[in-house]
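1. Sequence and predicted model, in that order:
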Amino acid sequence: MPDYLVESEQLKGRVTVPLAVTAFAAILGGSFPHGYNTGVLNAPSILIQDFLNETYHQRTGIVPSTSMLDFLWSFTVAIYLVGGVFGAFAAGWFADRFGRKRAILLMYLSGFVAAVLFGFCEMAGSFEMLIIARFIVGFGCGAGSGLVPMYMTEIAPINYRGAMGVLHQLALTSGILVSQIIGLRQLLGNQWGWPIMLSLTAVPCAVSLVILPWFPDSPRYLLLKKDKQKEAEIALKIFRGTTDVDTDIKEMRNEQKLQMDDPKWSLQKLFKSIPHRMPLALVSSLALGQQLSGINVVFYYSSSVYEAAGIPDDNIQYANLGTGAINVLMTVISVPLVERCGRRPLLLGGMLVMIISTVVITISLNLQQMLPWMAYISLICTLSFVVGFAIGLGSIPQFIGAELFKQGPRPAAMSFAGLLNWLANTLVAISFPSMQKGMKAYSFLVFMVLLILFLVFLWKFLPETKNKSFEEIARIFHIVDSEDKDSSTDMKEVRVGERLAVHGPYKKVPSSEIPMVVVDDISNHSDEGNDSLDIVDKKQNNETSPHKRNPTIPLSGDQPQFMRERAKLLSGENEDSTA
């Protein structure tokens, strides 16, 4: 194994108390509010629409038309997603500018400001306050959806990185479930309680604000971005529960060496980088597939499915609550499974379950009038669809983007993926009502086709990242020494003493641009198993070079073509000069 790599086994660790507490605080304040604000408007939707109607009437003296009321309600719901789009796009900038932990803490401000506006909007008779609060809290949740998985995967040891990433989705689904519980009519889903229910989004932020500042930032950020090795070592010792963190430091230093001369990564540079196009396509597919899977459609139809199955109207809210609980339970189960089974089996298996479920749901919904027992098939398939989503597309896309990219391009890549995720969510929210009106139960077929396309692409190109270091994952996509070089720029020089790995992508270099060097094959030297090449300065070693009298350089057929051609050229020149 090349000496510049650190074996994955050496990077494994255990879950310590500081690591667990930090993870809990981060997902509580950065992930839980996302789920809570996603589901909080469902229960009191009629009450909030009455508030919009009354406020508009009192202000203008005109009773709003149905279309105007629908517009105000749809805008109130969708503005949260618009805020999320902006927040997700800005997540990478916040992560690099303030650090992972401080950026998460900064996002809590949006929760506090929104809580005040939510609490007083009815008292002030202002639906504008409600709409502004939805945008602000959406911005914070959108940024948190990128910041939290990034922070979690960077502080976790390699053998718990996937499980830590799934915790973000677990907190999100828990937030949805809590909003469903609090939204029961017996609790806060009533006339006087809905403003309080919306304001409770600040509670998890406040709890996390008390806990998270006591723990360090990401060691990778401290070392690779800020070059603060002592602080990075302290952070690693706290999270790993050991004083021996040399292996982690070495692995990060090796990554740093590959990007020392690299300019700052941006989206423009990421798009131009040829080696990064496949990882970016995979992350984009996962982000889009999560929202275009039809999960929102299944939840929309769940009430009608339960009603057709004979569940009384008063108990349908509890049945929906049970669906949310199953979503949370399966996400909990996927936390250990993602490290035991791997990412690919869970993701692809979950998507396959979802595809089969959509086919059966479509058939059963259209046959319920003729075959009443089909309602029970719909019920079973609805639950199986939720299970498939929870173990696959629900959890894995949240963190795998942080695994497929190294430190430099990671923030830009995750910001772009988050942007696509929120845009797709917005697209579904806007287009689904008209789709449902026109296609009815056949609307599932659209999502089934999309799921099949995403499944085929991911099955063909997505690698397994379980227990692999960031360097090993980068090597899968041939992102090695050339990762932090602009792939559109030709090589201009070969520096003296530089070691070139034989497995990387190479370009043919004009001989006029290469300094007088001799390529020394050291594959059989004492550094056993290190099949790399040393570049030796011929001018500086003219007196002592072992190649002065015998310039013939034995290179195997496995060596790069331009190296073999250059060796023959050098051999020929030296023979002529000797003659």
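-> Okay, I see it.
2. List of residues touching the strand or helix carrying Met278?
-> Here Met278 sits within helix 277-291, counting by DSSP states H and E. Residues outside helix 277-291 that contact it (Cβ atoms under 8 Å, 6 or more residues apart in numbering): 270-271, 351, 393-394, 396-397, 400-401, 404-405, 413-414, 416-418, 420-421, 424-425, 427-428, 450-451, 454, 457-458, 461-462, 477, 479. Every residue, glycine included, has its C-beta placed from N, CA and C.
3. ok, of those residues, which come out buried?
-> Among the contacts of helix 277-291, the ones that count as buried by 16 or more other Cβ atoms under 10 Å are 270, 351, 393-394, 396-397, 400-401, 404-405, 413-414, 416-418, 420-421, 424-425, 428, 450-451, 454, 458, 462, 477, 479.
4. Helices - which of the residues you listed land there?
-> 270, 351, 397, 400-401, 404, 413-414, 416-418, 420-421, 424-425, 428, 450-451, 454, 458 (DSSP state H).
5. Please put the alpha-carbon coordinates of the helix holding Met278 into PDB.
-> The C-alpha coordinates for helix 277-291 follow below in PDB (Å, rounded to 0.1, in the frame of the first residue of the first chain):
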ATOM      1  CA  ARG A 277     -18.500  15.100 -12.200                       C
ATOM      2  CA  MET A 278     -19.500  11.600 -11.300                       C
ATOM      3  CA  PRO A 279     -19.600  12.200  -7.500                       C
ATOM      4  CA  LEU A 280     -21.600  15.400  -8.200                       C
ATOM      5  CA  ALA A 281     -24.000  13.500 -10.400                       C
ATOM      6  CA  LEU A 282     -24.500  10.900  -7.700                       C
ATOM      7  CA  VAL A 283     -25.100  13.400  -5.000                       C
ATOM      8  CA  SER A 284     -27.500  15.300  -7.200                       C
ATOM      9  CA  SER A 285     -29.400  12.200  -8.100                       C
ATOM     10  CA  LEU A 286     -29.800  11.300  -4.400                       C
ATOM     11  CA  ALA A 287     -31.000  14.800  -3.500                       C
ATOM     12  CA  LEU A 288     -33.500  14.800  -6.300                       C
ATOM     13  CA  GLY A 289     -34.600  11.200  -5.800                       C
ATOM     14  CA  GLN A 290     -35.400  11.800  -2.200                       C
ATOM     15  CA  GLN A 291     -38.000  14.500  -3.000                       C
END
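6. and it, which residues are buried?
-> Under 16+ other Cβ under 10 Å, the buried positions of helix 277-291 are 278-280, 282-291.
7. any idea which of those residues is closest to Val63?
-> The closest of those to Val63 turns out to be Gln291 (Cβ to Cβ; 36.0 Å).
8. how close does Asp96 sit to Ser208?
-> Separation of Asp96 from Ser208 (Cβ to Cβ, to the nearest Å) stands at 22 Å.
9. Compare the two and say which is more crowded by neighbours.
-> Regarding Asp96 and Ser208, a neighbour count based on other Cβ atoms under 10 Å identifies Ser208 as having more, with 24 against 17.
10. Please tell me I have it right and that one contacts Thr22.
-> No. Counting by Cβ atoms under 8 Å, Ser208 stays clear of Thr22, with 10.2 Å between them.
11. ok, now which ones touch Val360?
-> Neighbours of Val360 in contact, by Cβ under 8 Å, 6+ apart: 377, 381.
12. Okay, and it sits in which element?
-> Applying DSSP H and E, one finds Val360 within helix 343-367.
13. Check which residues of that helix are buried.
-> For helix 343-367, a neighbour-count test (16+ other Cβ under 10 Å) marks 343-347, 350-355, 357-358, 360-365, 367 as buried.
14. same deal with stretch 17-33?
-> For stretch 17-33, by 16+ other Cβ under 10 Å, it's 18-19, 22-33.
15. Equivalent analysis for stretch 173-190, please.
-> Quick answer for stretch 173-190 (16+ other Cβ under 10 Å): 173-180, 182-183, 188-189.
16. Tell me which of those fall in helices.
-> Filtering those for helices - DSSP H - leaves 173-180, 182.
17. With pLDDT and distance to Arg102 as added columns, please give those residues in a markdown table.
-> Shown next, in a markdown table, are these (pLDDT from 0 to 100; distance: Cβ to Cβ, whole Å):
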| residue | pLDDT | distance to Arg102 |
| --- | --- | --- |
| Thr173 | 85 | 27 |
| Ser174 | 90 | 25 |
| Gly175 | 90 | 23 |
| Ile176 | 86 | 27 |
| Leu177 | 88 | 29 |
| Val178 | 91 | 27 |
| Ser179 | 87 | 28 |
| Gln180 | 84 | 32 |
| Ile182 | 89 | 30 |
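18. Who are the contact partners of Ala412?
-> 92, 265-267, 269-270.
19. rerun that using 10 Å as the cut-off
-> Going by Cβ atoms under 10 Å, 6 or more residues apart in numbering, Ala412 touches 91-93, 95-96, 264-271, 276, 280, 405.
20. okay, and for the stretch 1-150 of the chain, where does confidence drop off?
-> Scanning the stretch 1-150 of the chain for pLDDT under 70 picks out 1-13.
21. try 80 this time
-> Counting by pLDDT under 80, the stretch 1-150 of the chain has low-confidence residues at 1-15, 42-43, 45, 61, 63-64, 66-67, 70, 74.
22. And the helix or strand encompassing Val148, what's buried?
-> According to DSSP H and E, Val148 maps onto helix 127-155. Neighbour-count burial for helix 127-155, with 16+ other Cβ under 10 Å as criterion, is recorded at 127, 129-155.
23. again, but for stretch 334-345
-> Going by neighbour count (16+ other Cβ under 10 Å), the buried part of stretch 334-345 is 334-335, 337-339, 343-345.
24. Stretch 200-208 too?
-> For stretch 200-208, by 16+ other Cβ under 10 Å, it's 200-205, 208.
25. closest to Ser65 among these?
-> Thr201 (31.4 Å).
26. I'd guessed that closest one sits against Gly144; true?
-> No. Thr201 lies out of contact with Gly144 (Cβ atoms under 10 Å); the separation is 11.8 Å.
27. ranges for the helices of the stretch 1-150 of the chain?
-> Assigned by DSSP state H, counting those that start in this stretch, the helices in the stretch 1-150 of the chain fall at 17-30, 32-39, 45-60, 66-98, 100-124, 127-155.
28. Now the strand or helix carrying Thr247 - C-alpha only, CSV.
-> Using DSSP H and E, Thr247 sits within helix 246-257. The C-alpha trace of helix 246-257 is given here as CSV (Å, rounded to 0.1, in the frame of the first residue of the first chain):
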residue,chain,number,x,y,z
ASP,A,246,-1.6,10.6,15.4
THR,A,247,-3.2,8.4,12.8
ASP,A,248,-6.1,10.8,12.3
ILE,A,249,-3.8,13.8,12.1
LYS,A,250,-1.6,11.9,9.6
GLU,A,251,-4.6,11.1,7.4
MET,A,252,-5.8,14.7,7.5
ARG,A,253,-2.2,16.0,6.8
ASN,A,254,-2.0,13.7,3.8
GLU,A,255,-5.2,15.2,2.5
GLN,A,256,-3.9,18.7,3.2
LYS,A,257,-0.7,18.1,1.2
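29. Packing partners of that helix?
-> helix 219-220, helix 229-240, helix 470-476 (3 or more Cβ pairs under 10 Å, 6 or more residues apart in numbering; DSSP states H and E).
30. Average pLDDT for the first one, rounded please.
-> It stands for helix 219-220. Mean pLDDT, helix 219-220: 86.
31. Do I have it right that Phe432 meets Ala424?
-> No. Applying Cβ under 10 Å as the test, Phe432 and Ala424 come out as separate, 11.8 Å apart.
32. thinking again about what came up before, residues in contact with both of Thr201 and Gly144, list them for me.
-> With contacts taken as Cβ under 10 Å, 6+ apart, Thr201 and Gly144 have 32-34, 110-111 as neighbours in common.
33. Most widely separated two among the buried residues of stretch 200-208?
-> Leu200 and Ser208, at 14.1 Å, using Cβ to Cβ across those.
34. Pick out the most distant pair among the buried residues of stretch 334-345.
-> Val335 and Arg344, at 17.0 Å, using Cβ to Cβ across these.
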